[in-house]
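Q: Have a look at this fold, sequence not included:
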């Protein structure tokens, strides 16, 4: 079956896990006695480990960034558009690593895994983690893989925030930072969306204060609503209009006069919400949205982002999408401006795309071209 | 990389070793690449054309997608030694405002533009009755990005009005190689004008 994958796909990949026995002190003050990270890799690490790229995932992502985990898997990894032979993160040159974030629900230690102290799933007892905590945890993965310096740390959305945090916290450990469709902090509107999503989950009777693992029930409705809300914000009005318009299942003017699914967009949102419930954990969703809310590197410098970025040594590539209203171009420009203020090497592209925030996951031709070109430059600089 | 155009060579000669440079409308980034390599200059290019941005990235320069008509508010006062505007002045909404902005963020400005009083362009309009086209003005009237043509006289009058001091002027004739007539009667025989300017 492997031969049935596209030539520019990494094809069949097997996820791996690594356990770290060393405890991890978190920003919250809590300490994890040890932790496991699930990860995938694509391409080959070269002899001097200079061709490694870390890909950081967004809110609801995981370590399965490219290729297929099974020959009959319906959809490839979430960044299939950008990872593979000949793609921006060209696996003929680069060794691409993507881990499931700490607190995730796809194999890394998180609310669904067992607390070694109680033998029960952590559930709501899993500590809140921050973007900085993720960077610390990923740095150990780098050590484990023998990578002292990434050729690049890359990501979109929350993944872009992690790339920026890497550049701030461990400047000597990355040659380039790729920050796509991200923001230096969430807007009040963004936090508000996150809060509605969290309330949808937390007010579901099956949430049980987050300890639903012991009963077998899960806050399915709440999580579905959270995802439906999120999904609306990831698309642009134009993208939704193009995709669904006001199309209905019944005949024109033949209304059901009830609240069943009639409009195609309703059907789509319900499908997205329901399928999300099957693959995602509510506590993880709460935790990831909170990590987003908290991200604000400038806060440590009295709101001065340029000051927060002063120690960055990696040249940065920043990209945004014109129809992204969740993390609009203006948010990326703030990052660019702060980098300019302290004379950092930075390039910025504002890509015309109608898909909204989700554009960073799509094979938009100009996006691919400019990202590919930047990565070719990275490859040339690190000599691969 | 192919050699620099003659006008860009003059621009490069005006840039000092280690200068901090902002190149407005940097195109494919060729000039900045040259300045980085030959002058150890640092800095950024601003560009609006997607293809130019990609080529600039390929050329290894720092390029920021920007619309010059929105000003240079991303940059602090006196942030650069040189702010360069080659063959772009005529394509912006408000050349006067951009010139002011250039000399706000930079100590020195370098401006080059096609001289609309150049005799061949005058001939096009006066004798043939057609909108001028030349090597330096290669667009037809309906597709040109150029909206504010000016002549050498116009530019110098504007500098005067804005309190901008002209440090140096060079004028090139159409093949960039026969500057004699151009230096004698620049407004008539100069196809491309090059200026080094600063605040008065």
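A: Perfect, thanks for sending it. Remember, it's a predicted structure, so these values are computed and weren't measured experimentally. Numbering: from 1, shown residues only, chains lettered A, B, ... in the order given.

Q: helix/strand/coil for the residue nearest to residue A:226 when sequence neighbours are not counted?
A: Nearest residue to residue A:226, sequence neighbours excluded (C-beta to C-beta, 6 or more residues apart in numbering or on different chains): residue A:197, at 3.7 Å. (Each C-beta comes from the backbone N, C-alpha and C, glycine too.) Following DSSP: H, G, I helix; E, B strand; the rest coil, residue A:197 is assigned to helix.

Q: Name all residues that make contact with residue A:197.
A: Residues in contact with residue A:197 (C-beta atoms under 8 Å, 6 or more residues apart in numbering or on different chains) are A:225, A:226, A:227, A:229, A:230, A:285, A:289.

Q: Can you read off the pLDDT for it?
A: With respect to pLDDT, residue A:197 scores 98.

Q: Quickly list what the most centrally placed residue in chain B is bridged to.
A: Geometric centre of chain B, nearest residue: residue B:86, 1.8 Å, by C-alpha atoms, centre = their mean. Judged by DSSP bridges, the bridge partners of residue B:86 are residue B:112.

Q: contacting residues for it?
A: When contacts are counted by C-beta under 8 Å, 6+ apart, residue B:86 touches B:7, B:8, B:11, B:23, B:25, B:31, B:110, B:111, B:112.

Q: what does chain B put close to chain A?
A: Proximity of chain B to chain A is confined to B:20, B:42, B:44, B:50, B:53-54, B:56-58, B:60-65, B:74-76 under the rule C-beta under 8 Å from any C-beta of the partner chain.

Q: how about stretch A:88-101, does it reach chain B?
A: No - for stretch A:88-101, no contact with chain B is found by C-beta under 8 Å from any C-beta; the gap never falls below 11.8 Å.

Q: before we move on, back to that, so which of the contacts of residue B:86 comes closest to chain A?
A: Each of the contacts of residue B:86 was checked against chain A using C-beta to the nearest C-beta; the closest is residue B:23, at 13.3 Å.

Q: In chain A, which residue is most central in space?
A: Taking C-alpha atoms, centre = their mean, the centroid of chain A lies closest to residue A:58, which sits 1.2 Å from it.

Q: what pLDDT does the residue nearest to it when sequence neighbours are not counted get?
A: Using C-beta to C-beta, 6+ apart and skipping the chain neighbours, the partner closest in space to residue A:58 is residue A:157 (3.9 Å). pLDDT for residue A:157: 98.

Q: Just confirm residue A:157 contacts residue A:186, I think it does.
A: No - taking contacts as C-beta atoms under 8 Å, residue A:157 lies outside contact range of residue A:186: 11.0 Å.

Q: Generate a PyMOL selection restricted to the buried subset of the contacts of residue A:197.
A: Typed into PyMOL, the line below selects the buried ones among the contacts of residue A:197, using 16 or more other C-beta atoms under 10 Å in any protein chain shown:
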select buried, chain A and resi 225+226+227+229+230+285+289
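
Q: Count the residues that sit near residue 41.
A: In the absence of a named chain, chain A is used. Residues within reach of residue A:41, counting by other C-beta atoms under 10 Å in any protein chain shown, total 22.

Q: looking at chain B here, not the other one
A: Residue B:41 is flanked by 22 other residues according to other C-beta under 10 Å.

Q: Now it. Nearest residue, chain neighbours left out?
A: With C-beta to C-beta, 6+ apart, the residue lying closest to residue B:41 is residue B:35, at 4.0 Å.

Q: quick one: the one you found and residue B:29 touch, right?
A: No - contact criterion C-beta under 8 Å: residue B:35 and residue B:29 do not qualify, at 10.1 Å.

Q: Show me which residues of the stretch 251-384 of chain A sit near chain B.
A: When proximity is defined as C-beta under 8 Å from any C-beta, the stretch 251-384 of chain A approaches chain B at A:315, A:317, A:333, A:336-337, A:340-341, A:343, A:345-350, A:352, A:366, A:369-370, A:373-374, A:376-377, A:380.

Q: Next, give phi and psi for the residue lying closest to residue A:210 once chain neighbours are set aside.
A: Spatial nearest neighbour of residue A:210, chain neighbours left out: residue A:124 (2.5 Å); criterion: C-beta to C-beta, 6+ apart. When quoted as degrees, to the nearest 10, the phi and psi of residue A:124 stand at phi -70, psi -10.

Q: Please enumerate the helices of chain B.
A: Here chain B has its helices, by DSSP state H, at B:6-13, B:30-39, B:50-58, B:95-105, B:119-126, B:152-162, B:179-184, B:186-189.
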